[in-house]
Every structure is written in C-alpha cells, then in structure tokens.
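*Asks:* here you go, sequence then predicted model.
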Amino acid sequence: MTKRNIIIAIVAILAVAAVPLVYAQQGRMHMHGGGDAGFAFFGHLQHLKSTLDLSDQQVDAIKAIAQDMHAQNAQYRDQLRSGHLAIAKALIANPNDLAAAQALLDQQIAAEKVLKSNMLVAASKALNVLTTEQRGKLGSFVSEHEARER
C-alpha cells in the first residue's frame, strides 16, 4: 500500500470525527501498513466523546461500525499488502510481461475500490449516529483543519 493509500484509509476510518482532532492535536499520522489504525481510532474516539459530547451509546455504535468495517476489509487489506510483492515478482520473473503485471495491478485497483467503498459506507453510518449539532461541530473542525493546511 502506498503512503497515499495508507493516509486515505486512515482518513476514511477516522472520518467519523477523529480526523480533524487528530490533525489539530498531533499533526499528521504516519501509519506503516495501517495495522495500528484501529487502535488510534479508539483512542481518539474517547477524546471525541468529550469534544463532541458523544453519549456512551453513540460511542458504542461508532465502535461497532468501525469494527464491522475493519472485519469486512480484512481480505482486501491482505490482498493489497501481498499484491505489490506479486507485481514485483511477476516483473522480475519476466520484465517484458507487462500484461501479467497489469492484470495484477487491476486486481489491486479493484480491491482498493471495494475497501474504500466499505470505508465510505462506514463513515456515512457513523456520521448518521451523530446529532445535527455534533455534525456541525465536526464540520467546524474540518474547516479549521483545512484552513491550517493551506
């Protein structure tokens, strides 16, 4: 997984509400392999609980959504991790067989698309757990983050 894809995955996981606070409080997160993203999410979710005034029921619902998405995406994460190696091995075995490497790359792209779609659905579900006021507060955090990044 490229650094860009790792960041996209983390942003999608934390889009529920953690991203603006993570960036605001600690700067950019650099995850290697994405394996620790879930731990970061749950730690920041506790911080968000107080910042967005989330109820215990909302926190539990968001955790369940994140865990479901994590389980749903397990096979795609594994495929993405091993896919880059497979592409490299295919080209090393036959540098002229671009068709085989392209077929493997197409599989990677398809897996990435499903993974991101699952993250998008999870973010939507999690955002629906928030009240209108909480989403407004989250929108303010996102706008503040965007202004700082310029």
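*Replies:* Nice, thanks for sending it over. Numbering: from 1, shown residues only.

*Asks:* can you give me the helices in the chain?
*Replies:* Under the criterion DSSP state H, the chain contains helices at 3-14, 18-26, 37-51, 56-93, 98-129, 132-149.

*Asks:* reformat those helices as CSV; add mean pLDDT and mean neighbour count.
*Replies:* Bear in mind the C-beta positions are built from the backbone N, C-alpha and C, glycine included. Formatted as CSV, those follow (pLDDT from 0 to 100; neighbours: other Cβ atoms under 10 Å):
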stretch, mean pLDDT, mean neighbour count
helix 3-14, 50, 18
helix 18-26, 37, 18
helix 37-51, 66, 16
helix 56-93, 91, 15
helix 98-129, 93, 16
helix 132-149, 86, 13
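
*Asks:* who touches the residue nearest to residue 79 when sequence neighbours are not counted in this structure?
*Replies:* Leaving out its chain neighbours, the residue that sits closest to residue 79 by Cβ to Cβ, 6 or more residues apart in numbering is residue 111, at 4.5 Å. By Cβ atoms under 8 Å, 6 or more residues apart in numbering, the residues touching residue 111 are 76, 79, 80, 83.

*Asks:* surely the third one meets residue 110?
*Replies:* Looking back up the chat, that one is residue 80. No: between residue 80 and residue 110 there is no contact under Cβ atoms under 8 Å: 10.5 Å.

*Asks:* doesn't residue 126 make contact with residue 66?
*Replies:* Yes: if you go by Cβ under 8 Å, residue 66 and residue 126 touch, sitting 7.1 Å apart.

*Asks:* backbone phi and psi for the residue with the largest distance to the centre of the chain, please?
*Replies:* Most distant from the centre of the chain: residue 96, at 34.9 Å, with distances by Cα atoms, centre = their mean. When read as degrees, to the nearest 10, the backbone of residue 96 gives phi -90, psi -10.

*Asks:* measure it to residue 90 for me?
*Replies:* Distance of residue 96 to residue 90, given as Cβ to Cβ, to the nearest Å: 11 Å.
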